[in-house]
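Asker: Model the structure of this input:
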Amino acid sequence: MEATNIKPRKPSPKKKNDRKTTTSRDIERQLQDENLKVYHQLFCVEENFGIRR
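Answerer: Numbers count the residues shown, from 1 in each chain. Okay, here's the model as predicted:
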């Protein structure tokens with residue numbers, strides 16, 4: 001048997017982390033969405049019970 005010249009394997013490129021990084025804008029947008037939902041719920045409760053501010 002003849003010796004074959006084995007080529008070294010190329011290192012596979014490192015994959016970037018698949019996790020989505022949350023930026024401060026993303027967090028701010030999520031908070032605004034949550035605040036809007038809570039405000040809407042509060043508004044509905046106030047209307048249902050006749051509460052006036």
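Asker: Find the residue ranges of this protein scoring beneath the pLDDT cut-off.
Answerer: For the chain, applying pLDDT under 70 flags the ranges 1-4, 12-19, 53.
Asker: Next, give phi and psi for residue 28.
Answerer: Torsion angles at residue 28 (phi, psi; degrees, to the nearest 10) stand at phi -60, psi -40.
Asker: Can you show me the helices along this protein?
Answerer: Assigned by DSSP state H, the chain shows helices spanning 24-49.
Asker: how many other residues sit next to residue 23?
Answerer: A count of neighbours around residue 23, defined by other C-beta atoms under 10 Å, yields 9. Placement of C-beta: from N, CA and C, glycine included.
Asker: typo on my end, it should be residue 49
Answerer: Residues near residue 49, counting by other C-beta under 10 Å: 7.
Asker: With residue 7 instead?
Answerer: If you count neighbours by other C-beta under 10 Å, residue 7 ends up with 6.
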